[in-house]
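K.L.:
A predicted structure for the sequence below; I have some questions about it.
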Amino acid sequence: MVLTFPGGMHVPDGKELTKDEPVRRAPVPEMVVVPLSQHIGAPCEAIVKKKDEVRMGQPVGEAKGFVSAPVHSPVSGVVKDVKAAPHHSGGKVLSVIIENDGRDVLFDGVGEETDPARLSREEMLARVKAAGIVGLGGATFPAHVKLDPPKDKPIDTVIVNGAECEPLLTCDYRLMMDRTADMVRGADLVRRIVGAKTLILATEDNKTDAAAVMERTIGELGLADARVAVAKTKYPQGGEKQLIKAVLGREVPTPRKRGLPMDVGVVVHNVGTCYAIYQAVARNLPLIERLVTVVGDAVARPGNYLTRIGTPVRVLLDDAGLAAAPSTLLLGGPMMGMAVYTPEVPVSKGTSGILALTRVAEGEPRDCIRCASCVEVCPVRLTPLDLSLASESRSWETAEHYHVDDCIECGCCAFVCPAHRPIVQQIRHAKAALRKIRAAQAGH
Ligand code: SF4
Ligand code: SF4
């Protein structure tokens, strides 16, 4: 049986540019910039100040609120400042600037090994929370929140998301190939924490070698009720709801019905998140580094880099070298990545890729010709043309009527539109306008 979901499309993936390159260690810069907002939810509050000495792995930002995650120093050194600095969101965000002393002196307890079998569910959850782990597939939702569903939402299955459906990105692929045992151990801890019976490691059929390695690892670790599922390669297979549909055939209720994977008994975590969870629980390692794919037609030596959080994008581009001057820098993949306007933006927890491009295939937007190509590819079964037209005419109620909130911003519609309409930007605009209207109505 072919595991897939309705809608979506095939995109040339370009993964051959980096998938077989051995992972490189990114240079650790003299100055790191640690944003206090690297996750969905409330930003952290700085708990260090100028001139403070910090050690590697030391918390420098404290979580504020339940949906929040602390941030840690990726180096040892001295805090030079706590000030607004360029951020992947496009603006500036309060950040802790740390001068690296080059010694990597560890903070108390960091790296201490513990047998996870001796820890209770609550102790593991506390470790994940303290380590500042968020969804590393790009969603950056604090992991401890997802790991602690309400009692009336029993979880029977954990799906590990190794689809990596975005073209050009291969950091998840390399993690599945190179760090398989710890990733699978982390997935098993997730299963223990949420109390699920079944564990499914899911990937796409353009990564059958990764599927085979994971299958073998499940056997070597002797995990019962665990298996690998290989879904058809199709964008956006890595969307949580698309993956659940493909692997289990279950439909997650739409956002307008406030539906989440836990409503159908499922928790989904990205492969990198599972790896980080294992490091936090078994080795007391906070999230201070991640794998980042550096690629694009402007990059001379594309590859995957193990990168300290807070490393400016410029440092990675210098190391990979430029074959041409980039006109566009994207953080994330080509479909859902966000454009940034300066290479001084630091790598943060959600940075899966850095794309340096000399050109972007964008034509002049024209009137909609009602060809319905966008409707055919929408994986959420929306009518993107209606959303595009509603946003263009600032008819926010109409956009709401056409369920703009259900859009997962996958970019399929804009990719196929022969009229080059900027549908995703228009949708984001409509969502932002509706958020404002609702906040005003609620008196915020
Ligand atoms: S793909 Fe573009 S031109 Fe075709 S219906 Fe959708 S918005 Fe209109
Ligand atoms: S961006 Fe939104 S509207 Fe467009 S195809 Fe994806 S889910 Fe559908």
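P.N.:
Yep, that arrived. Ligands and ions are numbered 1, 2, ... in the order given.

K.L.:
Not counting its neighbours along the chain, what's nearest G7?
P.N.:
P379 (3.9 Å; Cβ to Cβ, 6 or more residues apart in numbering). Any C-beta I mention is one placed from the backbone N, CA and C, and that applies to glycine too.

K.L.:
which residues does the one you found contact?
P.N.:
Neighbouring residues of P379 by Cβ atoms under 8 Å, 6 or more residues apart in numbering: 5-8, 236, 239, 242, 408, 410, 412.

K.L.:
rerun at 10 Å
P.N.:
By Cβ atoms under 10 Å, 6 or more residues apart in numbering, P379 lies in contact with 5-9, 234-237, 239, 241-242, 245, 407-408, 410, 412-413.

K.L.:
Any of the residues you listed buried? List them.
P.N.:
The neighbour-count criterion (16 or more other Cβ atoms under 10 Å) marks 5, 7-9, 234-237, 239, 241-242, 245, 407-408, 410, 412-413 among the contacts of P379 as buried.

K.L.:
Keep these, but drop any that are not near ligand 2.
P.N.:
Restricting the buried ones among the contacts of P379 to those touching ligand 2 (Cβ under 6 Å from any ligand atom) yields 407-408, 410, 412-413.

K.L.:
Buried residues of stretch 142-154, list them for me.
P.N.:
Neighbour counts using 16+ other Cβ under 10 Å place 142-149 of stretch 142-154 among the buried residues.

K.L.:
Contacts only, for A276.
P.N.:
With Cβ under 10 Å, 6+ apart, A276 has these contacts: 128, 131-136, 143, 182-183, 186, 269-270, 285-290, 349.

K.L.:
K197 now?
P.N.:
155-158, 191, 224-225 are the contacts of K197 under Cβ under 10 Å, 6+ apart.

K.L.:
Same check on E409?
P.N.:
Here E409 is in contact with 236, 239, 335-336, 423-425, 427-428, 431 (criterion: Cβ under 10 Å, 6+ apart).

K.L.:
run the last query once more with 7 Å
P.N.:
Neighbouring residues of E409 by Cβ atoms under 7 Å, 6 or more residues apart in numbering: 336, 424, 427-428.

K.L.:
And V96, by the same measure?
P.N.:
V96 sits next to 34, 36, 46, 48, 60-61, 79, 82 when contact means Cβ under 7 Å, 6+ apart.

K.L.:
I'd like to know which of those residues is nearest to ligand 2.
P.N.:
Using Cβ to the nearest ligand atom, L36 is the member of the contacts of V96 that lies nearest ligand 2, at 29.5 Å.

K.L.:
Give the other helices and strands that the host helix or strand of A339 contacts.
P.N.:
According to DSSP states H and E, A339 maps onto strand 338-340. Using 3 or more Cβ pairs under 7 Å, 6 or more residues apart in numbering; DSSP states H and E, the elements in contact with strand 338-340 are strand 328-331.

K.L.:
Pull up the per-residue confidence for L199.
P.N.:
pLDDT recorded at L199 is 98.

K.L.:
ok, so what distance separates it from ligand 2?
P.N.:
Here L199 is placed at a distance of 28 Å from ligand 2 (Cβ to the nearest ligand atom, to the nearest Å).

K.L.:
what are the phi and psi angles of the closest residue to that residue other than its chain neighbours?
P.N.:
Distances taken as Cβ to Cβ, 6+ apart put A226 closest to L199, at 4.1 Å, once the chain neighbours are dropped. Listed backbone geometry of A226 is phi -130, psi 140, with angles given as degrees, to the nearest 10.
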